[in-house]
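**Student:** Starting from these lines, generate the structure:
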Amino acid sequence: FTDLAISGLVGERTLRFSTAGLTGATSEPIALAAGAAVQLAIATAPSSAAQAGLALGQQPIVQLQDGGGNPVAQAGIDVTVALASGSGALLGTATVATDANGTATFADLAIGGLAGDYGLSFSATGVAPAQSGTITLAAGTAAALAFTTQPTGVAAGAAITPAVAVAIRDAYGNTVTGAT
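**Tutor:** Here you go, the predicted model:
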């Protein structure tokens, strides 16, 4: 049995051998420990909804894992986050080192851009990346007024037609609903 290997979640395992006509043999417990880190996994997903330019309400936590999905405790591995989808800008600290437990905890990530769907990708050298679920971005805080219907030439004292309209926009040009 020179190529025998055990994979799966960390814990104790036993080996059992049997064949017809003979008494079987069972090994002593074998402690299965985590293997080398081969992938990243999202331990805490980022918020599924956010406002443009504001920190995500739930910041992501990424874990190093072995091929069996076991957490790998390894400090000092730089994990970098980037936008995987959407055309905005990722704001905040984009690279965080793993701690002694092999987790990278992001603290100040935000997405700036037009309202819509975005995704995050987490990567580190030598391991498979991880992708977040969809983050739906809505308008951020009110930052400016913008004409949605410009005034046109009109005779003195006459009503301007069409009526002038102004919207409240965030720093990225999204219309802020409910603002007055």
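**Student:** and the residue nearest in space to the middle of the chain, how far is that from residue 84?
**Tutor:** Nearest residue to the geometric centre of the chain (C-alpha atoms, centre = their mean): residue 132, 3.9 Å. Noted for residue 132: a distance of 7 Å to residue 84, by C-beta to C-beta, to the nearest Å. Quick note: C-beta positions are derived from backbone N, CA and C, even for glycine.
**Student:** What of residue 29?
**Tutor:** Using C-beta to C-beta, one obtains 42 Å as the distance from residue 29 to residue 84.
**Student:** Compare neighbour counts for those two and give me the winner.
**Tutor:** residue 84 (16 against 11; other C-beta atoms under 10 Å).
**Student:** Now for the spatially closest residue to the residue nearest to the centre of the chain that is not a sequence neighbour: which residues touch it?
**Tutor:** Once flanking residues are discounted, residue 132 sits nearest to residue 120: 4.1 Å by C-beta to C-beta, 6 or more residues apart in numbering. Contacts for residue 120 (C-beta atoms under 8 Å, 6 or more residues apart in numbering) come out as 46, 60, 81, 82, 83, 84, 90, 109, 131, 132, 135.
**Student:** List the beta-bridge partners for residue 120.
**Tutor:** residue 83 (DSSP bridges).
**Student:** Let me know the pLDDT of it.
**Tutor:** Looking at residue 120, its pLDDT is 98.
**Student:** Quick check: it vs residue 144, distance?
**Tutor:** Remark: distance between residue 120 and residue 144 (C-beta to C-beta) = 28 Å.
**Student:** cool, and residue 46?
**Tutor:** Applying C-beta to C-beta, the value for residue 46 to residue 144 is 27 Å.
**Student:** who's more crowded, those two?
**Tutor:** Legend: neighbour count by other C-beta under 10 Å for residue 46 and residue 144, higher for residue 46 (22 against 11).
**Student:** Ignoring the adjacent residues along the chain, who's closest to that one?
**Tutor:** Nearest residue to residue 46 in three dimensions, chain neighbours excluded: residue 60, at 4.3 Å (C-beta to C-beta, 6+ apart).
**Student:** Would you mind putting the CA coordinates of stretch 151-162 into PDB?
**Tutor:** The C-alpha atoms that make up stretch 151-162 are tabulated as PDB, following Å, rounded to 0.1, in the frame of the first residue of the first chain:
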ATOM      1  CA  PRO A 151     -33.800  75.700 -18.200                       C
ATOM      2  CA  THR A 152     -34.500  77.000 -21.800                       C
ATOM      3  CA  GLY A 153     -35.000  80.500 -23.200                       C
ATOM      4  CA  VAL A 154     -38.200  82.000 -22.200                       C
ATOM      5  CA  ALA A 155     -40.000  85.400 -22.400                       C
ATOM      6  CA  ALA A 156     -39.900  87.500 -19.300                       C
ATOM      7  CA  GLY A 157     -42.600  86.600 -16.800                       C
ATOM      8  CA  ALA A 158     -43.500  83.400 -18.600                       C
ATOM      9  CA  ALA A 159     -43.200  79.900 -17.100                       C
ATOM     10  CA  ILE A 160     -40.200  78.000 -18.100                       C
ATOM     11  CA  THR A 161     -41.200  74.900 -20.200                       C
ATOM     12  CA  PRO A 162     -40.400  72.200 -19.900                       C
END
